[in-house]
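In: show me the folded form of this:
(3 chains)
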Amino acid sequence: MQSKFRLSRSEDFKRVRRIGKSYAHPLVVLVIQARGDSTPVRMGVAAGKAAGNAVQRNRAKRLLREAMQPLLASLASGWDLILIARPAIVTASLEETRLALTSLLQRAQILPADES
RNA sequence: CAGGUUGGUCGGGCAGUUGCGGCUCUGCGUUGUCAGAGUCGAGGAAAGUCCGCACUCCUUAGAGCACGGCGUCGGAUAACGUCCGGGGCGGGGAAACCUGCCGGACUAGGGCCACAGAAACAAACAGCCGCCCCCUUCCGCGCCCUCUCCUUCGGGAGAAGGGUCGCGGUGAGGGGGGGUGAUGGUGAAAAGGUGGUGUAAGAGACCACCGGCAUUUGCAGUAAUGCGAAUGGCCAGGCAACCCCCGCCGGGAGCAAGGCCAAGCAGGGGUGAAAUCGUCUUCGGACGAUGGGAGACUGCUCGUCUCCGAUCAGCCCCGGGUAGGCUGCACGAGCGUCGCGGUAACGCGCCGCCCAGAUAGAUGACUGCCCAGAUGGGGUAACCCAUUGGACAGAAGGCGGCUUAUAGACCAGCCUGAGGC
RNA sequence: CGGGGCGUGGCGCAGCCCGGCUAGCGCGCUUGCAUGGGGUGCAAGAGGUCGGAGGUUCGAAUCCUCUCGCCCCGA
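Out: Just a heads-up that it's a prediction; the model follows:
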């Protein structure tokens, strides 16, 4: 993912976590917040200590980024997203992660339901 | 060949598509949070953060105390609590080999050693004594008394009884003194061991052998130490991973160190003391000395340094602001081949190489073939087919170690066993 | 990067400094009695590799080293 679509500031993370809406799945939690303008979607990925050691946390974040890659083009504009990894994602495959993300984004009404 | 053991190396490989980060080059009616091309892109432990360094800053860091660490010898190293090679005392193993510990416990001192035991290190208690004194009792002899018999009337004899009597005892008991040192069920541990001589009883008191200690000394070794010799005297419990003593080392903080730039905020509040003298003077003050005060040197003392007569500055405390960029930061105690020195750790030399630098944090995904491995089937076997499948783990300033995790594969040395030539 | 603390029956804690005693206390648990039954009360009882490994010592929950897990603080 190119760095201009990333969420990189600590205050951005704090803001989204504080006032954003969250959607949960056994593999991952999605937090979204509307920015109000029409700039492209920005997203950040997080994995806490509960996800495992450093290798497992990095794998979870890579898996989430890789699964998000083909979905980015069809997302609505003007949103900041945070994906938080849960422990179960360590044993999940790329396809399972992509299905989980698709259902979460559709529930959040950012991804049109007819595409998949 | 099988098993064991030690050391070392690797820890999937090749190709393609795509994604991400750094660097270089090129392109642009668009100089960018741009596009394209090339190239590089995790480890043996990157981990835990247990030691040691370099480096940076702190008002030089100087001395002493305190505190902390280390402790056989020699060497390596920038340094180390690390490594290499030795020594001593143990433990495991049939062997190769592995493994633990290492200054001082009389000649500084304190403390502890539960239970048991007489006693836990210093004597006492019980015991032993044919050593001395006293008392009681018993025995023997003598003397005396009573009794019996004999008599020359002086006494004599006796197998009987007795004594505030004497002597002796190789009898028994008690008390006191003295001697004695290991006999005292114990215990982890009890002041050399065995045998003899000796003695009132005993004991290194003495003797023989053995063990250990101290001093002197010979040989080997750089040394720790080893193998001996002579002499001495039996003085010598354990714990310093209890305090302690001796020797050596350590100033403190740490890359969020530190430097530069940009932005922002208020030099806003509190707090403390004592002056005196001299010189110069533009008469505002400046400098110097003495004394004192405040503060710093991360615990204390000395010592050193900074500031102080001012509504000003400094120090200390509170409060306020910032949370961005660049650098430090990748040419280094660097890596590799070869040669030389050294038993080795390691050192020296020549040549070659440049080898991650992210900052919400880059290595991922997919496909094909191969290589170990596992399972199933076929085959006497080599092997073939199918399925499956590769551990521990991710840089965040760097380096040297230590420790811990780790599927497996390969190489070499050594030991034991079996077989063949 | 630096510093500190904790781990002991099911739960919450003592004991550790300065080694030895049956590892103790409260709640909980089991059984019995008292009650028509429950609560409650009384009596009896079970339950602990002292986080793990190694060492020092005659002897370790305690001392030393390494290690695992958890928590807290400062920059």
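
In: in which helix or strand does the spatially most central residue of chain A reside?
Out: Among the residues of chain A, A:Leu83 comes closest to the average C-alpha position under C-alpha atoms, centre = their mean, at 3.1 Å. Secondary structure here is read from DSSP states H and E; on that basis A:Leu83 sits in strand A:79-85.

In: skip the chain neighbours and tell me the closest residue to A:Gln56.
Out: With sequence-adjacent residues excluded and distances taken as C-beta to C-beta, 6 or more residues apart in numbering, A:Gln56 is closest to A:Val90, at 4.8 Å. No exception for glycine: its C-beta is placed from N, CA and C like everyone else's.

In: can you tell if stretch A:63-70 touches RNA strand B?
Out: Yes. Stretch A:63-70 lies in contact with RNA strand B when judged by C-beta under 7 Å from any atom of the strand; the contacting residues are A:Leu63, A:Glu66, A:Gln69.

In: most neighbours of all the residues you listed, which one?
Out: Highest neighbour count within the residues of stretch A:63-70 next to RNA strand B: A:Leu63, with 23 neighbours (other C-beta atoms under 10 Å).

In: quick one: the one helix or strand A:Glu66 maps to to chain centroid distance?
Out: Taking DSSP H and E as the criterion, A:Glu66 maps to helix A:54-68. Here helix A:54-68 is found 11 Å from its chain centre; the criterion is C-alpha atoms, centre = their mean, to the nearest Å.

In: what residues does chain A put near RNA strand B?
Out: Counting by C-beta under 7 Å from any atom of the strand, chain A comes close to RNA strand B at A:1-4, A:6-11, A:13-14, A:44-46, A:53-55, A:58-59, A:61-63, A:66, A:69, A:93-94.

In: check the residues you listed for burial and list the buried ones.
Out: If you count burial by 16 or more other C-beta atoms under 10 Å, the buried members of those come out as A:Leu7, A:Phe13, A:Gly44, A:Val45, A:Ala46, A:Arg59, A:Lys61, A:Leu63.

In: what's the closest of the residues of stretch A:63-70 next to RNA strand B to RNA strand B?
Out: Nearest to RNA strand B among those is A:Glu66, at 4.9 Å by C-beta to the nearest atom of the strand.
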